[in-house]
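Asks: Here is a sequence together with a model predicted from it:
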Amino acid sequence: MKIHYLIIRRILQTIPVLLGVTFLTFSVSHSVPGDPARAMAGIYATVETVEAIRHRWGLDRPLPAQYVIYLRGLLHGDLGISIQTRRPVLDDIKDRLPATLELTLFAALLMCVIGIPFGIASANWRNRLPDHFARLFVVFGGAVPTFWLALILQLIFFRWLDWLPAGTRISREMVEPAHITSLYLLDSLLTGNMPAFLDTLEHIVLPGITLALTGTVGIARMTRASMLDALQKDFIRAARANGLSRKAVILKHALKNALIPTVTVLGLLFGAMLGGTFVIEWIFSWPGIGTYAATSITNLDYTAIMGVSLVVALVYVTANLLVDISYMILDPRIRYE
Amino acid sequence: MRKRRHKRPILIRVLGVLVLWTVLFLVLSGSALAAGEVTIVVSRTNDPHSLDPADEITVGGGLESQVALYERLVNVDADASFKPGLAELWEVSEDGLTYTFHLRKGVKFHDGTDFNAEAVRFTWQRIMAINTAAAQYWKSVKDIEVVDDHTVKIHLQQVNPSFLGVLAGQRGVYMGPSPTWVKAHEKTPGDWAKDYTVDHECGTGPFMLEAWNHDQELIYARFPDYWGGWAGKHVDRIVHRIIKEHATTRLMLEKGDVDITGDVLPIDIADQLKGKANIVLDTAPTTLINQFTFNMHNGPTKDVRVRRAIAMLFDYNTAVDYGFRGYAARVYGPLPSNLWPQLSANVPHIQTDLEKAKKLLAEAGYPDGFTLKMAAMDMHNWKTLILLLQDNLSQAGIKLDVEFTTWPVLFQKLQQPAGQKPFGMAAYQMWAAIPDPVDILMWWHTNAITVINPGWGTPETDKWIDGARSTVNHEKRVELYTKVVEQIAEDAPGVWIAQPLNVMVYQKWLKGYKYVPYYNGLLNWYDLYVEGKPGS
Amino acid sequence: MSAQPDQSSCDVLRERRRRERQRWWRQFRYSWHVFTGNPLTVVGSIIVLALVSVAILAPLISPHNPVRLNMAYSLAPPSATHLLGTDEVGRDILSRIMYGAGISLRVGLMAVACIAALGVPIGLIAGFFGRWVDSLIMRIADVFLAFPQLVLALAIATALGGGMQNVIIALAIAGWPWYARLVRGLVLAVRREAYVEAARVSGGSWFKVIQRHILPNTIGPVIVQASQDMGFTILLAASLGFLGIGVKVPAPEWGVMVNGGRPFFMDQWWVSGFPGLAIMITVLGFNLLGDGLRDILDPRLRK
């Protein structure tokens, strides 16, 4: 089959999935008990007030109608109006997404910087001390509850050692870096604003580590496995036989091949992390879409819940799509499945 | 042989850079405080929803942020007396249907335009047109008449003895935004700038909104032309920081990073800060009551003996000493003890008595207890109080099955018609928002608007409540309300846990804080100032 | 044919059975050898065994009552009487952790069972009937997989109203796609085998075909997956408890305990710290055990 046809078909397959995501989110969020109109009006409001609010937000329409209206809006790129902020959901997400993106990218960086070397060391010095150490790390890292780790890190570094702040994104006294990318770390580097850069770094370290842990474990494991795999291959032995040093062999040949599955796992993890920020952002008062999603649930803000789910699902689906497409391109065997 | 270039492994290089950065920031990181200006930092757990006083009236949803920006016509003080706000004087007509307000002169909105009678009328029109949260407080108003620039007459549809209290209350009665400003920012003509007012403001208050980074912080700066002037002691800037975790807020308080908490801290945490070097623990009486109520129509709680027994099983002393850490006082009826105390003079004082309770239960036919469903919120110290109740009830064989939910869900359960309420007991807090018992006793009417009423009441008690609301004769009102309170005491539809104190924690260099029970959850921003802060 | 089976065929049968038994023993001894050869797996089994014992013996070995309040001793630090300290209403944390072991185990077991019970049949159907049935089911699975599991489980549990039962149902609804996908893949692989095609063509009912040919090949991997998922499922259930959806008060579920200690965390860290540690050790134990089981049952995957 022609590769283009397969790729297009794969892309088209994501559309029903995204639609399914909206349907699932709609049904589940509307099943959550509680009346958002009452939540907005407050305890002391009269029934008329509550009904007026319900009408204003279109919550008095029958559910299927609300769903159709929402879908129609989606076609125009309109994610609806958020009940809790009274602004378009798209604006709310645009405001908060950079914070989450920055955290996730930082965590991804940590995952690579720590996970890949661990995996390499583990494969290289197999069954010796570095391997045992790395495997112990993997085993413990996979068992740590992220919410607990977040609290413990705050306890150690904020309460006991007072080295790092326990929350928010930047200190009050700092001037926010100019909004070029909205990623504070990048912006402060680009504008040469060193104090802001260091301050932001201070704030992002703890939530970044917490978010990165589970992924680091996965990356380390995957790198180790694919390195071991690659090291067995014939061309490696040929390179060694030709006189290349062991280090050169590992770094140049084996690593390149081992990194391919690692990179794909990273892509998938990125999407998964976007959902993992949910708890971490709350504990660290990080102003991203995780916090937004959490407050949306307590405020019964249906449009916001659906908006965030859609964005997260979009990222995850796109990551999966890219992985599948790259496999299709790289591995001809897959095309015949 | 070619010299081998020493290639350091990537890992070591990255580690080196990280170490370098670590050293650098430990050395370089410092803060740049603006010199001369006095700024205070307030912690908040939630981002405000909206700054529009016509649309958002809940504390936690934005009201606490609106009060520095907008003002009322009339204010009430802690002693329940009315004080001038934007109105200096007022009179009520003989028939109680016309209120004349003489407005303060020289008041300006933040956009420079004048505050006058026309602005008052405009505010009212806007509130009624938008018709959301604030409209209900103006329901009894028939019309607002502009007599001249600084005189306005409010005509009521029927007599309302608590109307002044409503105007001085904390919800829905703020003047603004300025008519010019509204017209300038309408998206479509006649939409009253609904969308723009969500995150922009134009009030007459002492502070203006300087910046709002959602979920991060709000910054207020002084309004230079504020009618009250800035001669006395005030602050220049207020920074609200959004910090979600109480543990973090508490630590930032200790370290001095936060000056005062905008939302009340859980009582256990506040208590732990007592005695810390730079912390002040401020307590003040409230008009709040924590109570449990019973399902009056279904289940074992149908029987008044069962209700009395449960009231005697609850360990009130432990609740006050530990549930409230001592920052509360016993209360014996549905009203706080500082609200027209004469009403609660003759209610019986229920004390914990295990034996009597068990006897009553046996009498009612439940010697071995039963299972009871409890609906409650997991907020403030309710969890502790309910665990205590659960423990107490287990001693008589009563198993309490607790369902903690958010308050809208709790509300939905409370709202079910009598006879269909899905709980045996419920837990919530009542509050007198105006210095008038009507604010609490109206909820004991059988068709109370939101039916928090657990199902108590008869047409006769309804008549008493209605009667007291429709007359301005003070003695008559006292008489009728006393009847209601005493009937409630006899029927025992609730367990009156305690009346909590307001506990506010702040830095010792922050002065001027004052709690007014009728402005529960709001801070008096204009009066705050800083004195004796180290390094300033 | 004579009515009596003659001596020689009896002997043959007995011999065959004896050899089967020997082979079974040999396999068992070999698996045991593999199992105990890996120190990590041994550690895992010890942890799990300890956990199960604590869960069963909790009423006997717990030093205090886990639910009676004792306000005067609230938030007490670890001491001789309260080895792990007390919580905000004075309950002994060690006792609560012990009783909590049973809750975590029960929830983990039942959740994994429900997830498999939901996912395996769906996967079977998808793999067996193929074509549009398969496509439809896989698309639906993709929809569920587009959500982070925790968030999906949280949303469903909230909608259902909380409580242990609803948590298990929510976990099942959030977790079935993995098993469905796994089983579907296995079924597809087996279906191509010639003997299965032959069985179908020769008129066997599809139910029988599944039962005799497909099921035996899928049970192994499913069990391997389940044993590896136990740890993660317990973690997920504890996370839900942490987010406020879980067992009803005053049950000592570990995630709920960590959540309860949050406001005091900076100074009375033991209230949240120790239950979290218990979660970690439990998940660790199950993960190690799961890995060890996988090494035995699926030697191809062993590195």
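Replies: Yes, it's here.
Asks: For B:Ala135, list the residues it contacts.
Replies: A:49, A:52, B:54, B:127-128, B:172 (C-beta atoms under 8 Å, 6 or more residues apart in numbering or on different chains). Bear in mind the C-beta positions are built from the backbone N, C-alpha and C, glycine included.
Asks: Where do the helices of chain C begin and end?
Replies: C:7-37, C:39-61, C:93-129, C:131-145, C:149-160, C:164-191, C:194-201, C:206-209, C:215-242, C:254-260, C:270-297 (DSSP state H).
Asks: ranking those helices by burial, who's on top?
Replies: helix C:254-260 (a mean of 27; mean count of other C-beta atoms under 10 Å in any protein chain shown).
Asks: Show me what that helix is in contact with.
Replies: Under the contact criterion C-beta under 8 Å, 6+ apart, helix C:254-260 has outside partners A:145, A:147-148, A:151, B:383, C:87-88, C:93, C:96-97, C:100, C:103-104, C:237-244, C:246-247, C:249, C:271-272, C:275-276, C:278-279.
Asks: Throw the helices of chain C into CSV and include mean pLDDT, thanks.
Replies: Putting the helices of chain C into CSV (pLDDT from 0 to 100) gives the following:
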stretch, mean pLDDT
helix C:7-37, 83
helix C:39-61, 91
helix C:93-129, 92
helix C:131-145, 88
helix C:149-160, 88
helix C:164-191, 88
helix C:194-201, 66
helix C:206-209, 68
helix C:215-242, 86
helix C:254-260, 93
helix C:270-297, 89
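Asks: can you put the ones you listed in JSON lines and add distance to B:Gly61?
Replies: Converted to JSON lines, the helices of chain C look like this (distance: least, C-beta to C-beta, whole Å):
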{"stretch": "helix C:7-37", "distance to B:Gly61": "58"}
{"stretch": "helix C:39-61", "distance to B:Gly61": "44"}
{"stretch": "helix C:93-129", "distance to B:Gly61": "36"}
{"stretch": "helix C:131-145", "distance to B:Gly61": "34"}
{"stretch": "helix C:149-160", "distance to B:Gly61": "21"}
{"stretch": "helix C:164-191", "distance to B:Gly61": "29"}
{"stretch": "helix C:194-201", "distance to B:Gly61": "62"}
{"stretch": "helix C:206-209", "distance to B:Gly61": "58"}
{"stretch": "helix C:215-242", "distance to B:Gly61": "26"}
{"stretch": "helix C:254-260", "distance to B:Gly61": "24"}
{"stretch": "helix C:270-297", "distance to B:Gly61": "29"}
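Asks: What's the PyMOL line that selects buried ones from the contacts of B:Ala135?
Replies: Here is the PyMOL command that selects the buried residues among these (16 or more other C-beta atoms under 10 Å in any protein chain shown):
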select buried, (chain A and resi 49+52) or (chain B and resi 54+127+172)
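Asks: can you tell me which of the contacts of B:Ala135 are in helices?
Replies: Per DSSP H, these map to helices at A:49, A:52, B:127-128.
Asks: Nearest to B:Asn520 among those?
Replies: A:Thr49 (20.3 Å; C-beta to C-beta).
Asks: all helices of the stretch 251-400 of chain B, in order?
Replies: B:267-272, B:304-313, B:316-318, B:354-364, B:382-394 (DSSP state H, counting those that start in this stretch).
Asks: what comes up buried for the first one?
Replies: Looking back up the chat, that one is helix B:267-272. B:267-272.
Asks: B:Ala498 - how many residues pack around it?
Replies: 20 (other C-beta atoms under 10 Å in any protein chain shown).
Asks: same thing with B:Thr405?
Replies: 20.
Asks: what do you get for A:Ser27?
Replies: 13.
Asks: Give me the nearest residue to the residue of the stretch 201-303 of chain C at minimum distance from chain A, chain neighbours excluded.
Replies: As assessed by C-beta to the nearest C-beta, chain A sits closest to C:Gly276 within the stretch 201-303 of chain C, at 3.2 Å. In space, and not counting its chain neighbours, C:Gly276 is closest to A:Trp148: 3.2 Å by C-beta to C-beta, 6 or more residues apart in numbering or on different chains.
Asks: which is the next helix or strand following whichever strand or helix holds the one you found?
Replies: Here A:Trp148 sits within helix A:146-154, counting by DSSP states H and E. Sequence-wise, the next helix or strand downstream of helix A:146-154 (DSSP H and E) is helix A:184-190.
Asks: That following helix near chain B anywhere?
Replies: No: counting by C-beta under 8 Å from any C-beta of the partner chain, chain B has no neighbours in helix A:184-190; the shortest distance is 11.1 Å.
Asks: how is chain B carved up into domains?
Replies: For chain B, the structural domains run B:63-278+B:508-530, B:288-500, going by automatic domain parsing.
Asks: can those go into CSV with extra columns for mean pLDDT?
Replies: CSV is the format used below for the domains of chain B (pLDDT from 0 to 100):
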stretch, mean pLDDT
domain B:63-278+B:508-530, 92
domain B:288-500, 89
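Asks: Please name whichever of these is nearest to C:Asn70.
Replies: Closest among the domains of chain B, using C-beta to C-beta: domain B:288-500, at 9.4 Å.
Asks: how about that closest one, does it reach chain C?
Replies: Yes: under the criterion of C-beta under 8 Å from any C-beta, chain C is reached by domain B:288-500 at B:318, B:321-323, B:378, B:383-384, B:386-388, B:390-391, B:401-405.
Asks: Give me the nearest residue to residue 80, chain neighbours excluded.
Replies: Since you didn't name a chain, this refers to chain A. A:Thr303 (3.5 Å).
Asks: Actually, chain B is the one I wanted.
Replies: B:Pro435 (3.5 Å).
Asks: where does the stretch 151-300 of chain B come near chain A, residue by residue?
Replies: So far as C-beta under 8 Å from any C-beta goes, the stretch 151-300 of chain B lies against chain A at B:171, B:195, B:198-199, B:213-217, B:239, B:241-245, B:247-248, B:251-252, B:255, B:257.
Asks: Which ones among these map onto helices?
Replies: Counting by DSSP H, those contribute B:198-199, B:247-248, B:251-252, B:255 to helices.
Asks: Which positions in the stretch 151-300 of chain C make contact with chain B?
Replies: Going by C-beta under 8 Å from any C-beta, the residues of the stretch 151-300 of chain C near chain B are C:161-162, C:244, C:248-250, C:260, C:262-267.
Asks: circling back to that earlier point, most neighbours, which of the ones in helices among the residues of the stretch 151-300 of chain B next to chain A?
Replies: B:Ala247 (28 neighbours).
Asks: how about that one, what does it touch?
Replies: A:154, B:269, C:262-266.
Asks: next one: A:Arg10
Replies: A:321, A:324-325, A:328.
Asks: got the residue ranges for the strands in the stretch 201-350 of chain B?
Replies: With DSSP state E, counting those that start in this stretch as the criterion, the stretch 201-350 of chain B has strands at B:207-213, B:217-222, B:237-242, B:260-261, B:279-285, B:288-294, B:328-329.
Asks: Rebuild those strands as TSV, extending it with mean neighbour count.
Replies: Formatted as TSV, those follow (neighbours: other C-beta atoms under 10 Å in any protein chain shown):
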stretch	mean neighbour count
strand B:207-213	17
strand B:217-222	21
strand B:237-242	21
strand B:260-261	22
strand B:279-285	16
strand B:288-294	24
strand B:328-329	20
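Asks: Among the ones you listed, which comes closest to C:Leu186?
Replies: Nearest of those (C-beta to C-beta): strand B:237-242, 49.6 Å.
Asks: Now do the buried residues in stretch B:313-325.
Replies: So stretch B:313-325, judged by 16+ other C-beta under 10 Å, has buried residues B:313-316, B:318-320, B:322-325.
Asks: can you list contacts of that stretch?
Replies: By C-beta under 8 Å, 6+ apart, stretch B:313-325 touches B:267-268, B:270-271, B:292, B:326, B:328-330, B:350-352, B:354, B:357, B:381, B:384-385, B:388-389, B:392-393, B:395-396, B:398, B:495, B:497-498, B:500-501, C:71-72, C:74, C:89.
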